[in-house]
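Asks: Provided below are the primary sequence and the corresponding predicted coordinates.
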Amino acid sequence: MRLPARLSLARLPTPLQRMDRLSEAWGGPTIWVKRDDLTGFEVSGNKIRKLEFHLAAALGAGADTLITCGAAQSNHCRATALAAPPLGLETIALLRTPDGNPPARSEGNHLLMEIAGARIRYLTPAEYAERDSVMAGVAGEVRASGGTPWVIPEGASDALGMWGYVAAMEELAAQLDGLPPMAGIWHAASSGGTTAGMAWGADRLGMEAPVVGCCIGEPAADVMARVAAIWAEAATATGEEPPERGPLLIDDHVGLGYGLATREELAIQAEATRLTGMLLDPTYTGKALVGLKREIGAGRYGPGDHVVFWHTGGGFAAFLEGFRVVR
Ligand SMILES: Cc1ncc(COP(=O)(O)O)c(C=O)c1O
């Protein structure tokens, strides 16, 4: 597969592990976990795969300052803030908070961004809705002060970041060689870049397994619209047709909404940790695994099936005070 320029920032390939105790306890399919929580410690998770392409492009363009955005606990902004220093790049992170003020306490990913020296600005939800123009404005400020900005959209979820997961599918395909067919490639979906790359890659590689995005906050139609927009941008950039088969997006397990978890969900996540030794985050991977368990309960996957659960990282959220209180 021909890919755009890329830096080598993630520890790849990440392992594909069979989690027999989890499969047994949940009485369903054989669960294989693709461990993208192990792409690196500081930069752990799915975002570093996308950043390999964005940061290569940033360096290629002679940039000295990265501008990006996300929630106050954004894994993407944390990975950006920690990937930038060794490359000699600065990071400006625009973080969404309920009132546009800094969070009451520094913890989790937000604390790590501060330690990494990211320059942080806080946006209200209304300002965040205009994030692309806000970032363009900040890029103008950087230029005015003699710098060269590189803007990375939310989650690095655009046609460039998407290649991280197209390449990741090639990696997975090699690991699946010789294994039984997979009934699904299950993962947490939000800003759409991961899902877009997986489904594009699956199509180009002729993989049969359906790519299944478990929405963790947004309605499925919104995530699908984002995937479609990324594909349209990628089609223009490459001259290739987007895949005919879209991903399956399921939004039945969003629960209380983005970044919120019920006691029952946290209990299922803790159960999964006790059966696998893997740390899950309540916002993304924990919620997606809860969704998988419920879908197994509803009969979507049975004992004869094999399923990939793609662990996309987010472990630092396990330390958040809010979730400790609920648990
Ligand atoms: C740990 C984790 N998993 C999954 C996702 C979802 O990926 P995407 O935004 O590409 O849909 C995110 C995005 O923030 C994440 O941080």
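Replies: Happy to help now that I have it.

Asks: what residues does this structure put near the ligand?
Replies: Contact residues (Cβ under 6 Å from any ligand atom) of the chain with the ligand: 45-46, 75-76, 155, 157, 188-195, 281, 284-285, 312-314. Heads up, the C-betas are built off the backbone N, CA and C, glycines and all.

Asks: Show me where the protein has its strands.
Replies: For the chain, applying DSSP state E gives strands covering 16-18, 30-35, 65-71, 90-96, 119-123, 149-151, 184-189, 211-215, 248-250, 306-311.

Asks: can you list the residues that contact the fourth one?
Replies: It refers to strand 90-96. Applying Cβ atoms under 8 Å, 6 or more residues apart in numbering, the external contacts of strand 90-96 come out as 64-72, 74, 77, 80-81, 84, 110, 113, 116-125, 128, 131, 134-135, 138, 142, 147.

Asks: now that strand, how far from the chain's geometric center?
Replies: Mean-position distance between strand 90-96 and its chain equals 17 Å (Cα atoms, centre = their mean, to the nearest Å).

Asks: got the angle between that strand and strand 119-123?
Replies: 20 degrees (axes from the mean of the first three to the mean of the last three Cα atoms, to 10 degrees).

Asks: Let me see the contact set for the closest residue to residue 272 other than its chain neighbours.
Replies: Once flanking residues are discounted, residue 272 sits nearest to residue 289: 5.4 Å by Cβ to Cβ, 6 or more residues apart in numbering. For residue 289, the contact set (Cβ under 8 Å, 6+ apart) comprises 268, 269, 272, 280, 309.

Asks: Next one: residue 139 from residue 230, what distance?
Replies: Relative to residue 230, residue 139 is positioned 21 Å away (Cβ to Cβ, to the nearest Å).

Asks: which of the strands of the chain is buried the deepest?
Replies: strand 211-215 (a mean of 29; mean count of other Cβ atoms under 10 Å).

Asks: sorry, back to before: will you turn the strands of the chain into a markdown table that also has mean pLDDT and distance to residue 163?
Replies: Formatted as a markdown table, the strands of the chain follow (pLDDT from 0 to 100; distance: least, Cβ to Cβ, whole Å):
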| stretch | mean pLDDT | distance to residue 163 |
| --- | --- | --- |
| strand 16-18 | 98 | 21 |
| strand 30-35 | 98 | 17 |
| strand 65-71 | 98 | 17 |
| strand 90-96 | 98 | 21 |
| strand 119-123 | 98 | 28 |
| strand 149-151 | 99 | 16 |
| strand 184-189 | 98 | 17 |
| strand 211-215 | 98 | 16 |
| strand 248-250 | 98 | 21 |
| strand 306-311 | 98 | 17 |
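
Asks: nearest to residue 59, of those strands?
Replies: Closest to residue 59 of these is strand 149-151 (Cβ to Cβ; 8.6 Å).

Asks: Show the pLDDT at the spatially closest residue to residue 253 that is not a sequence neighbour.
Replies: The shortest distance from residue 253 to any non-neighbouring residue, by Cβ to Cβ, 6+ apart, is to residue 291 (3.4 Å). pLDDT, residue 291: 98.
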